[in-house]
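Trainee: quick one: sequence plus predicted model below, questions after.
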Amino acid sequence: MFEELLELYKTKAAEVERAQKEAQAMITLIAAIDKISSEMNTKQNDVELLGRLIDQVDRLSKEVADLKSQLKARQVRAPAATTSAQEQGASTEGKALDNHAKSLIEIIKERPGRYTTSELVDMLGLNKTTVISVMKRAMDIDPKHVKLTQGKRRKLYLAYVSDEEGQVAQSDSAPGDEDKMRLELMAMT
């Protein structure tokens, strides 16, 4: 009987010890989950802060690009002869666009090739919307030599075509392609 009681006592002690270990493990698990949760909240705050900083940098880079284009436009306008205040106010943007388009034509004439919008953004120092308008204006100024094409995913390409290449290309192209390209450009700007 004494042995039975001893055996019963040992099993009871083992059960109590196991329950105690399980309770301790649960407490440790809850503490770990709480710690992970607080770290996640901290990291979420860090991610949100980084997102706001990236948005600010993006906005500032766009403002810098706009300021660069305005500065270049002012530098181009400064040597030109001044006209009346009304004429300047009404056509300043058009003149700047024309000047940028003429500069673009000269650049692609000197270095023939096929340029993407992104490459022209880097070359001209203008924002993408302005570059698309300049590309369109360059095509309007010199449609014989400046060719605008569209690739996959509405990617625009600009190329300078010499007189010899232009005659071959005109015989190959359909007249509706140019109208379609103009409509696409109007939709983009």
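Mentor: Nice, thanks for sending it over. Numbering: from 1, shown residues only.
Trainee: burial of Ser103, as a residue count?
Mentor: Ser103: 16 surrounding residues under other C-beta atoms under 10 Å. From N, CA and C alone the C-beta is placed, and that goes for glycine too.
Trainee: what are the ranges of the strands in this structure?
Mentor: Counting by DSSP state E, the chain has these strands, from start to end: 114-116, 146-150, 156-160.
Trainee: ranking helices and strands of the protein by mean pLDDT, which lands last?
Mentor: helix 163-172 (a mean of 55; mean pLDDT, DSSP states H and E).
Trainee: Asp98 is nearest to which of the strands of the chain?
Mentor: Comparing the strands of the chain against Asp98 with C-beta to C-beta, the closest turns out to be strand 146-150 (13.4 Å).
Trainee: ok, that closest one: who's next to it in the sheet?
Mentor: Sheet partners assigned to strand 146-150 using DSSP bridges are listed as strand 156-160 (antiparallel).
Trainee: which residues sit against the strand it pairs with?
Mentor: 104-105, 108-109, 112-117, 120, 132, 135, 138-139, 145-151, 185, 188 (C-beta atoms under 8 Å, 6 or more residues apart in numbering).
Trainee: same check, this time on stretch 20-29
Mentor: Under the criterion C-beta under 8 Å, 6+ apart, not a single residue lies in contact with stretch 20-29.
Trainee: mean confidence score for that stretch?
Mentor: Confidence over stretch 20-29 (mean pLDDT, whole number) is 95.
Trainee: what do you get for stretch 94-102?
Mentor: Within the predicted structure, the mean pLDDT of stretch 94-102 is 83.
Trainee: buried ones in that stretch?
Mentor: With burial defined by 16 or more other C-beta atoms under 10 Å, the residues of stretch 94-102 counted as buried are Ala96, Leu97, Asp98, Asn99, His100, Ala101, Lys102.
Trainee: what's the burial count for Gly125?
Mentor: Applying other C-beta under 10 Å, we find 15 other residues in the vicinity of Gly125.
Trainee: surely it is in contact with Gln70?
Mentor: No - applying C-beta atoms under 8 Å as the test, Gly125 and Gln70 come out as separate, 10.9 Å apart.
Trainee: check the spacing between the residue most central in space within the chain and Asn127 real quick.
Mentor: With the centre of the chain defined as its mean C-alpha position, the nearest residue by C-alpha atoms, centre = their mean is Asp58, 8.7 Å away. Plainly put, Asp58 is 12 Å away from Asn127 if you go by C-beta to C-beta, to the nearest Å.
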